[in-house]
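# fold the following, please.
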Amino acid sequence: MYHHILPKSGFIASSVDEFEKQMKFLAENNYKTLKSEEFLEFKKGKSFKKAVFITFDDGWRDNYYYAYPILKKYNLKATIFLVTEWIEKASEKKEEFKPLGHNEAKKEVQVNPSNVILNWDEIEKMKDVFDFHSHTHSHRDFYFDKEYSWEEEFIYSKDILKKRLGIDSKHLCWPRGKYDNDLIELAKNYFNVLYTTKRGINLPDNNLDEIKRIAVKKDEKWLKKQIKIFSNPILGYLYSKVKPE
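The predicted structure follows:
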């Protein structure tokens, strides 16, 4: 699970150098990077040899400027969960890209989202590498003077993804990984696969309610270690109990 790729690493941000080393490691060691629909096939029982599923949250513009060319260079695939209200606001005008750290970027979203959030033109260009799904409509931040019910978050994000990209998104990523059983049941009226921020192993068990993910840090050596841990069901289970998020 990534958020930002920036010149320097920081809070929920990998540096360009770290990200390139990680993607180079995956490519040189013949890892298959799954598309979201292939990940769903895996959960339903289809076997993939040496596969990983790369996801990005929010839809930061640095994903276009830094992550996209590296993924394309190594012929890898990934998924971005978009906050659709932010993308709509960012697409209202053209601005220069500002590579800001996470806390600064979230402040910028509120005053000039075009600087830091992907627009629909950039998303269209990235469709050869990325597929796109829902991270709700507002991320429950309500930056633009309107609050939404959870049901509106689901419906609006699905409608915009359908209108802009022509996709019927069945994949939802919870904002900040926060949810409860009632929200899971509500979300299942609209989505089939629900993504968390919980560490752990995803098995081909058809359980789509709580997909585990690992927040990526550091370099390719760290990534190699994590893949080794979470490719072993027993070791991965024990490790995720010690460090659940």
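
# what comes into contact with the helix or strand bottoming out on mean pLDDT in the chain?
One helix or strand of the chain scores below all others by mean pLDDT, DSSP states H and E: helix 233-242, with a mean of 79. With C-beta atoms under 8 Å, 6 or more residues apart in numbering as the test, helix 233-242 has contacts from 198-201, 203, 212, 229-230. In this view, the C-beta of every residue, glycine as well, is placed from N, C-alpha and C.

# same thing with stretch 10-24?
2-9, 66-67, 70-71, 73-74, 76, 101-103, 215-220, 223.

# got the phi/psi numbers for the most centrally placed residue in the chain?
Centrality entry for the chain: nearest residue to the mean C-alpha point is Phe56, 2.5 Å, by C-alpha atoms, centre = their mean. When quoted as degrees, to the nearest 10, the phi and psi of Phe56 stand at phi -120, psi 140.

# check Thr79 too.
According to degrees, to the nearest 10, Thr79 has phi -130, psi 140.

# how near is Glu152 to Ser91?
20 Å (C-beta to C-beta, to the nearest Å).

# likewise for Val83?
For Val83 relative to Ser91 (C-beta to C-beta), the value is 13 Å.

# which residues in this protein form strands?
4-6, 13-15, 32-33, 51-52, 55-58, 78-82, 130-134, 171-173, 193-195 (DSSP state E).

# so can I have TSV of those strands showing mean pLDDT and distance to Lys162?
Formatted as TSV, the strands of the chain follow (pLDDT from 0 to 100; distance: least, C-beta to C-beta, whole Å):
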stretch	mean pLDDT	distance to Lys162
strand 4-6	98	27
strand 13-15	96	31
strand 32-33	98	25
strand 51-52	96	28
strand 55-58	98	20
strand 78-82	98	13
strand 130-134	98	11
strand 171-173	98	14
strand 193-195	98	17
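
# returning to what we had before: buried ones among the contacts of helix 233-242?
Among these, those classed as buried by 16 or more other C-beta atoms under 10 Å are 199-201, 212, 229-230.

# tell me which of these fall in helices.
Among the buried ones among the contacts of helix 233-242, the subset assigned to helices under DSSP state H consists of 229-230.
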